[in-house]
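*Asks:* here is the input, now give the coordinates:
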Amino acid sequence: MTSETPIKVLIGILGVDQHEVGAMTVARILRDAGMEVVYAGRFNLPPAIVGAAVAEDADIIGLSCHSWEYLHYMDEMLAELDKHGVEIPIVVGGSVITAKDDRAIRDKGVAAAFGPTATPEGIVATIRELAAG
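*Replies:* From the prediction side, this is the model:
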């Protein structure tokens, strides 16, 4: 990625989580910060999210999490990345993310997690840091 190429973030929602407002809000925040956002929508499984991220050459995978399903899909998400032989940081954000869940998913390999008190500035700064490598 050059300094002229915008950071590309693929945002999606796993399983039957239907809470789309958070994903749309973060997409707007990232676009306003100059990033390119690809929205994968709701009702995805890990192979679809990772496949889309690979096809789109995404720098970051963002998962909007407003039900606890993401905890059950995280191992599969990470295995899909390994299967494709890519290292795309996964970032999760949502109202249900607790400090305990944050620690657990980071221990598995998730790059960052944002709970209900995250700020737009903090999200943007973290995405930029992760994309810079």
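*Asks:* CA atoms for contacts and neighbours, from now on please.
*Replies:* Fine.
*Asks:* okay, the strand ranked longest in the chain in PDB with CA atoms only?
*Replies:* Using DSSP state E, we find that the single longest strand of the chain is strand 36-44. Backbone C-alpha positions of strand 36-44 (Å, rounded to 0.1, in the frame of the first residue of the first chain) are rendered in PDB as follows:
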ATOM      1  CA  GLU A  36     -12.200   2.700   1.200                       C
ATOM      2  CA  VAL A  37     -14.900   0.400   2.700                       C
ATOM      3  CA  VAL A  38     -16.300  -2.700   1.200                       C
ATOM      4  CA  TYR A  39     -19.500  -3.700   2.900                       C
ATOM      5  CA  ALA A  40     -20.100  -7.500   2.800                       C
ATOM      6  CA  GLY A  41     -23.500  -7.200   4.600                       C
ATOM      7  CA  ARG A  42     -25.300  -9.500   7.000                       C
ATOM      8  CA  PHE A  43     -25.700 -13.200   7.300                       C
ATOM      9  CA  ASN A  44     -22.100 -14.200   6.400                       C
END
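*Asks:* next, the angle from whichever helix or strand comes after it to strand 36-44.
*Replies:* Using DSSP states H and E, the helix or strand that follows strand 36-44 in sequence is helix 46-56. Here helix 46-56 runs at an angle of 160 degrees relative to strand 36-44 (axes from the mean of the first three to the mean of the last three C-alpha atoms, to 10 degrees).
*Asks:* other SSEs contacting helix 46-56?
*Replies:* strand 8-14, strand 36-44, helix 69-84 (3 or more C-alpha pairs under 8 Å, 6 or more residues apart in numbering; DSSP states H and E).
*Asks:* run through who's touching the last one.
*Replies:* Read that as helix 69-84. If you take C-alpha atoms under 8 Å, 6 or more residues apart in numbering as the criterion, helix 69-84 is touched by 14-15, 17, 45-47, 50, 87-88, 101, 105, 108-109.
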